[in-house]
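Chemist: I would like to see how this sequence folds:
(one chain, ligands or ions: 2)
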Amino acid sequence: MGVDLGTGSVKVSVMDKEGQIISQESASLSLSQTQPGYSEQNPEDWVTATTVAIVNLALKDHIDLNQVEGVSYSGQMHGLVLLGSDNQILRPAILWDDTRTTKQCKEIMDVCGDEFIKITKNVPLEGFTLPKILWVKENEPLIYKQAKTFLLPKDYLRYRMTGDISMEYSDAAGTVLLDVVKKQWSQEIGDKLGIDMSICPKLVNSVDSVGTISSEYAKYSGMSTETKVFAGAADNAAGALGAGILDENKVMISTGTSGVVLKYENDDQGYQGKLHFFNHAIPDKYYSMGVTLAAGHSLNWLYETFGDGESLSDFANLADKSPVGAHGLIFTPYIVGERTPYADSKIRGSFIGVSSINTKSDFVRSVLEGVIFSYADILKIYHEHGKHFDTVYSIGGGTKSETWLQIQANVFNTKVKTLENAQEPGLGAAMIAAVGVKWFSSLEQCETQFVKKGKTYWPEPDKVEQYQKLYNIYAQVYDQTKMMNHELIDFRNND
Ligand SMILES: Nc1ncnc2c1ncn2[C@@H]1O[C@H](COP(=O)(O)OP(=O)(O)O)[C@@H](O)[C@H]1O
Ligand SMILES: O=C(CO)[C@@H](O)[C@H](O)COP(=O)(O)O
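Modeler: Ligands and ions are numbered 1, 2, ... in the order given. As a prediction, the model looks like this:
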């Protein structure tokens, strides 16, 4: 069983030894965004939603939960879950897309300097966990004082299913409190920032066994106490496993709530903070990535704001009624701030070129195109570092739109492949469980059995040329709108 704890939903997949999906169920999650820049979820909602999906596997799909040999996890990264002395939740989880910590990020660099990048292989960004810990320390000192430990989202969920408190490396790296190469918590950073390092949980590998389903959770969910539980991975590391990104020539693009451009890395060189650089689920391997904060979230926002009762699929398909360039409309997807390549929590999105000829279809198309242009910005960083690849593997909920996939091929001028299973992070999680229960001797061996390639989208030369022109215009929008957006902050905060 693979449990993928996303931001918008939890998806649970059950696989057999041949890598066939026997059944999948999901349950939705909602976000609490009470102020601009804030994004929180109640950790217990993750447990409830996961349990609803698992119970539906049994009741609706007639899965015999006693036959589940092993379970593992994929989880939205970076979210801070603070637990008190009885492992009770002290406050709502502060999520990866919460950008309230700009001040703390600056403090970290002021205090730690370049040594921070050497140790963590990253620069501190608002979404990462360490700045969130410092925010709580500064703004909610009474809560910070009560904190006995902190966890990341899927580690909290796993704790509630097993009783085990631990964190695995691919997610721990995203706290930016980990010495990525030494694979240990950085006492040096903790000391410099005045963090009591006893709040850091024990570290484990993705495929390590952390116990079995607890009797309490077995009673609650119908699962068996015989089912073995394995640590799991960050959703992007798990997605990379599920998409077969196990060598340096492949790039993965995930369009979920966020958008991620990810590359497998053999060595620990990193990108000096220009891209994120984390431990992979495969021991002693790494992956780099850049993040568009609002990818699927941009489409969802447009749909929720301007949709007219049609389904999300029908709404996305309106893009087909608009030509390349959406009748001169360009969208930048910075609607909750941005991470890569512009680490800027104050920037916001734009529609450039709005005209009285524009229709709803143009707006939908420009949102789809703008998200892909933001991925092209990240791919540019790889090209600047001399990294080459000939195929992009596309995953996540956004792959439900064929138009969105074809736009990727045309903007990147590279072939784009999908995979047969549309839920790669969940597949990656199931692969970890399959290796954990010893169906396979390694994740690489499991990949040959579990990962099944889907359709290929080829670049269309006439459209490639048009998109290059449009991208050159898109690439100017950030610099030209930055000051205006920063000046609009006070109005944004008005009720
Ligand atoms: N038919 C569709 N066409 C295009 N995008 C879609 C469609 N259905 C869902 N999506 C996008 O997929 C995203 C969810 O993808 P998913 O990988 O499940 O994300 P998460 O892991 O963040 O919950 C949504 O934000 C939505 O915009
Ligand atoms: O912050 C990041 C990665 O650094 C996000 O990619 C989260 O991991 C959440 O992802 P989705 O819910 O979009 O899958």
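Chemist: Not counting sequence-adjacent ones, nearest residue to V451?
Modeler: Across the structure, with C-beta to C-beta, 6 or more residues apart in numbering as the measure, the residue nearest V451 apart from its sequence neighbours is G244 (4.0 Å). Where you see a C-beta, it was placed from the backbone N, CA and C, and this is true even at glycine.
Chemist: So what does that neighbour have for phi and psi?
Modeler: phi 70, psi 30 (degrees, to the nearest 10).
Chemist: tell me the contacts of it?
Modeler: Contact analysis of G244 by C-beta atoms under 8 Å, 6 or more residues apart in numbering lists 250, 393, 419, 447, 451, 453.
Chemist: the strands in the stretch 351-495 of the chain, which residues?
Modeler: In the stretch 351-495 of the chain, strands defined by DSSP state E, counting those that start in this stretch lie at 391-395, 415-419, 453-457, listed in chain order.
Chemist: D98 and H78, how far apart?
Modeler: 9 Å (C-beta to C-beta, to the nearest Å).
Chemist: Measure how buried the residue in the stretch 351-495 of the chain positioned nearest to ligand 1 is and give me the count.
Modeler: With distances taken as C-beta to the nearest ligand atom, the stretch 351-495 of the chain approaches ligand 1 most closely at G397, which sits 2.2 Å away. A count of nearby residues for G397, using other C-beta atoms under 10 Å, gives 21.
Chemist: Spell out which residues of the stretch 1-150 of the chain are next to ligand 1.
Modeler: With the criterion set to C-beta under 6 Å from any ligand atom, the stretch 1-150 of the chain comes near ligand 1 through 6-9.
Chemist: Among those residues, find me the one that's closest to T292.
Modeler: When those are compared for distance to T292 (C-beta to C-beta), T7 comes out closest, at 13.5 Å.
Chemist: Need the three-state assignment for the closest residue to the closest one other than its chain neighbours.
Modeler: Counting by C-beta to C-beta, 6+ apart, T257 is the residue found nearest to T7 once chain neighbours are left out, at 4.1 Å. Secondary structure of T257, reduced to three states by DSSP: H, G, I helix; E, B strand; the rest coil: coil.
Chemist: would TSV of the residues of the stretch 1-150 of the chain next to ligand 1 with distance to F389, neighbour count and pLDDT be doable?
Modeler: Conversion of those to TSV gives the following (distance: C-beta to C-beta, whole Å; neighbours: other C-beta atoms under 10 Å; pLDDT from 0 to 100):
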residue	distance to F389	neighbour count	pLDDT
G6	26	26	96
T7	27	23	95
G8	28	17	94
S9	30	17	96
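Chemist: Take those residues and lay them out in JSON lines including distance to A409 and secondary structure.
Modeler: Converted to JSON lines, those look like this (distance: C-beta to C-beta, whole Å; DSSP: H, G, I helix; E, B strand; the rest coil):
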{"residue": "G6", "distance to A409": "25", "secondary structure": "coil"}
{"residue": "T7", "distance to A409": "26", "secondary structure": "coil"}
{"residue": "G8", "distance to A409": "25", "secondary structure": "coil"}
{"residue": "S9", "distance to A409": "27", "secondary structure": "strand"}
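Chemist: picking that back up, let me see the confidence value for the residue nearest to V451.
Modeler: Per-residue pLDDT puts G244 at 93.
Chemist: about what we covered before: make CSV out of the strands of the stretch 351-495 of the chain and add distance to V354.
Modeler: Conversion of those to CSV gives the following (distance: least, C-beta to C-beta, whole Å):
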stretch, distance to V354
strand 391-395, 29
strand 415-419, 29
strand 453-457, 29
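Chemist: looking at the ones you listed, which is buried most?
Modeler: Neighbour counts (mean count of other C-beta atoms under 10 Å) averaged over each of the strands of the stretch 351-495 of the chain peak at strand 391-395, with a mean of 24.
Chemist: That one pairs with which strands, and in what direction?
Modeler: In the sheet containing strand 391-395, the strands it pairs with under DSSP bridges are strand 250-255 (parallel), strand 415-419 (parallel).
Chemist: relative to strand 453-457, how tilted is it?
Modeler: Angle of strand 391-395 versus strand 453-457, following axes from the mean of the first three to the mean of the last three C-alpha atoms, to 10 degrees, is 120 degrees.
Chemist: if you look at strand 391-395, does any of it touch ligand 1?
Modeler: No - Strand 391-395 lies apart from ligand 1 when judged by C-beta under 6 Å from any ligand atom; the minimum separation is 7.5 Å.
Chemist: need the residues of this protein near ligand 2, please.
Modeler: Going by C-beta under 6 Å from any ligand atom, the residues of the chain near ligand 2 are 6-7, 76-78, 96, 127, 235-236, 256-258, 260, 276, 291.
Chemist: cutoff 5 Å now
Modeler: Residues of the chain found near ligand 2, taking C-beta under 5 Å from any ligand atom as the criterion, are 6-7, 76-77, 96, 235, 256-258, 260, 291.
Chemist: Can you tell me which residues in the stretch 301-450 of the chain are near ligand 1?
Modeler: Close to ligand 1, as judged by C-beta under 5 Å from any ligand atom, the stretch 301-450 of the chain has residues 312-313, 316, 396-398, 400-401.
Chemist: repeat that with 6 Å
Modeler: By C-beta under 6 Å from any ligand atom, the part of the stretch 301-450 of the chain that sits against ligand 1 consists of 312-313, 316, 396-398, 400-401, 404.
Chemist: now the strands: where do they sit in the stretch 201-350 of the chain?
Modeler: Counting by DSSP E, counting those that start in this stretch, the stretch 201-350 of the chain forms strands over residues 203-204, 209-212, 228-230, 233-234, 250-255, 259-265, 276-279, 286-292, 330-332, 350-352, given from the N-terminal end onward.
Chemist: Highest mean neighbour count out of those strands?
Modeler: Comparing these on average neighbours per residue, with mean count of other C-beta under 10 Å, the densest one is strand 233-234 at a mean of 34.
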